[in-house]
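Asker: Sequence unavailable; structure follows:
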C-alpha cells in the first residue's frame with residue numbers, strides 16, 4: 001500500500017522494467033477484483049447495474065483509505081472517539097459489501 005506508482009515514476013528515474021512489473025502485477029490483482037465482481041453479478045449476489053470497472057477502482061480506493069486511516073490514526077480514533085480499529089475495519093467492509101449487494 002505504501003508504494004504509489006504513477007507519473008512521478010517517470011520523473012524519479014524508476015527503471016522501466018521495475019515500473020512495468022509493478023503495473024503488470026497491479027493489473028493482475030485488478031483483474032481478480034473485476035472477475036469476482038462479474039461472477040457476483042452473474043450469481044445474483046451483486047446488483048446487475050454495478051459498473052464492474054468503476055466499482056473495482058472505488059473498492060480498491062476505499063480499502064486503501066480505510067487501512068491508511070486506521071493505521072495512521074488508530075490511536076487517535078480509539079482515544080478520542082472510543083472506537084476499536086478492528087471493529088471499524090470489519091464495519092467498513094460491511095458497508096462496502098452492502099453498497100453493491102443485491103438486496104433481492
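Answerer: Arrived safely. Keep in mind the model is a prediction, meaning the values are calculated, not measured. Numbering: from 1, shown residues only.
Asker: Can you tell me, leaving aside adjacent residues, what's nearest to the spatially most central residue of the chain?
Answerer: Most central residue of the chain, judged by C-alpha distance to the mean C-alpha position with CA atoms, centre = their mean, is residue 60 at 1.8 Å. Excluding the flanking residues, the one nearest residue 60 by CB to CB, 6 or more residues apart in numbering is residue 33, at 6.8 Å. No exception for glycine: its C-beta is placed from N, CA and C like everyone else's.
Asker: Look up how far residue 45 lies from the residue nearest to residue 84 when sequence neighbours are not counted.
Answerer: If the residues on either side of it in the chain are set aside, residue 84 comes closest to residue 78, at 6.6 Å by CB to CB, 6+ apart. The gap separating residue 78 from residue 45 is 34 Å, by CB to CB, to the nearest Å.
Asker: my read: the residue nearest to residue 60 touches residue 59, true?
Answerer: Yes. Between residue 33 and residue 59 there is a contact at 6.8 Å, judged by CB atoms under 8 Å.
Asker: Tell me the helices and strands packed up against whichever helix in the chain runs longest.
Answerer: Taking DSSP state H as the criterion, the chain has its longest helix at helix 52-81. Packing partners of helix 52-81 (3 or more CB pairs under 8 Å, 6 or more residues apart in numbering; DSSP states H and E): helix 16-42, helix 85-100.
Asker: Tell me where the model's unsure across the chain.
Answerer: 1-15 (pLDDT under 70).
Asker: And the residue nearest to residue 84, how far from residue 23?
Answerer: As judged by CB to CB, residue 78 and residue 23 stand 37 Å apart.
Asker: Next: residue 92.
Answerer: Taking CB to CB, one finds residue 92 at 27 Å from residue 23.
Asker: And the two? Which one has more around it.
Answerer: residue 92 (17 against 13; other CB atoms under 10 Å).
Asker: hang on, that one packs against residue 66?
Answerer: Yes. Under the criterion of CB under 8 Å, residue 92 makes contact with residue 66 at 4.7 Å.
Asker: Now do residue 84 against residue 20, distance only.
Answerer: Taking CB to CB, one finds residue 84 at 41 Å from residue 20.
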